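In: just need the structure, nothing else, for what follows:
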Amino acid sequence: MPSKTREAGHAGVCHAEAVACLQKVFAKNNTGFGSDSTDQNIDPGNLQYGEITYQGMQPLYSALELGQGDVFYDLGCGVGKLVLYVALRGDASRSVGLEVGQRRFLLAEGARSSLDEELDSQKKAGKSQSSATEYKFMLADISRHRYLDPTVAVLTNLCMDMGVQSRTVNCLLRCPSFRRLVSITPLLHSRLKLVRSVLVSCTWAKVSAWQVYDVLPPQEPLARSFITTPTVIKRCTSASALKRRGELMLSPARTEKKDTLPPLLGSQSLRRAGARSLPASRRSMTSVKRSALRLSSNMEPATEEPTK
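Out: Numbers count the residues shown, from 1 in each chain. Modelled structure (predicted):
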């Protein structure tokens, strides 16, 4: 749910003047600390709250490197202090805050209205000049929002689960104009290049190192090649196959068997072949029997002639 858009009343003020104006604005509003609720299907652990101190806004703002034409997004903006600070500094063309907590979104809207009144009173007193920097807040789930125009964004992901972080980054990277992302904890993505870290004073730490990433262009698909690749020979790596291969390499070359019929054998050759095929014990018994028969035939007495 977008809020009304308002142009900041200063053509870019210094850090001290922006802080003085914010202190006056937020003196009329309640704090963002405490429990909050949402109608989105979000784990309550993702609604943990913390703020950048006024002292920490200056180094973070310098790391954003905002210029004319930039659109700044604060993802998880809470009560909107950083969004309004960026608007008061006047370098970007727009400053947008997204918050899913209903109570904090209403507090941010209240701060926006208070800043409108403060700038109007300064303009009537002749103490301010018009600016092209716009600021607004939206009640939205940052991980499912369609980003159309951000160029620079801050992601307060300290207590955010990995699923929400991943979806948020993927949604941001669909925007072609997106060029820089600053987060509290490191982000891992092939299109995010870490360029530096910046020390920021926060409510949860005296000094916290925030990560500054440049967004790389998407990788183009490789052109299709019409060069045929050589046939890949499948390597055999199993132990049994390697063993079999080694045995084949060590064994002598085998001669090819000729498809010929065996020669015809005579009866004498068959008898010799049969004798050779007998076991050694049978061959020896056969030779013993033959020797015994020869001896018995030699020792047989001669028949006597009949007497006359």
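In: so where's the stretch 101-250 of the chain uncertain?
Out: For the stretch 101-250 of the chain, residues meeting the criterion pLDDT under 70 lie at 128-132, 220-250.
In: can you give me the helices in it?
Out: According to DSSP state H, counting those that start in this stretch, the stretch 101-250 of the chain carries its helices in the segments 102-124, 162-173, 239-250.
In: now for the longest one, which elements pack on it?
Out: Contacts defined by 3 or more Cβ pairs under 8 Å, 6 or more residues apart in numbering; DSSP states H and E place helix 102-124 against strand 6-7, helix 15-26, helix 81-89, strand 94-99, strand 134-139. The C-beta positions use only the backbone N, C-alpha and C, and glycine is treated the same way.
In: bridged to the closest residue to residue 142 other than its chain neighbours, which residues?
Out: Distances taken as Cβ to Cβ, 6 or more residues apart in numbering place residue 75 nearest to residue 142, at 4.4 Å, with adjacent residues excluded. With DSSP bridges applied, the residues forming beta bridges to residue 75 are residue 98, residue 155.
In: since we're on residue 75, how many residues are nearby?
Out: Other residues lying near residue 75 total 27 when counted by other Cβ atoms under 10 Å.
In: now do the contacts for it.
Out: Residues near residue 75 by Cβ atoms under 8 Å, 6 or more residues apart in numbering: 98, 142, 153, 154, 155, 156, 168.
In: and if you look at residue 181?
Out: 152, 153, 154, 155, 169, 172, 187, 192, 212, 213, 215.
In: let's see 7 Å
Out: Counting by Cβ atoms under 7 Å, 6 or more residues apart in numbering, residue 181 makes contact with 153, 155, 172, 192, 213, 215.
In: for those, which single residue is the most surrounded?
Out: Taking other Cβ under 10 Å as the neighbour criterion, residue 153 ranks highest of the contacts of residue 181 with 27 neighbours.
In: mind checking the SS state of the residue lying closest to that residue once chain neighbours are set aside?
Out: What sits nearest to residue 153 in space, not counting adjacent residues and going by Cβ to Cβ, 6+ apart, is residue 73, at 4.2 Å. Assigned state for residue 73: strand (three-state reduction, DSSP: H, G, I helix; E, B strand; the rest coil).
In: now do the helix or strand where residue 61 lies against helix 81-89, angle only.
Out: Using DSSP states H and E, residue 61 maps to helix 54-64. Angle, helix 54-64 to helix 81-89, by axes from the mean of the first three to the mean of the last three Cα atoms, to 10 degrees: 70 degrees.
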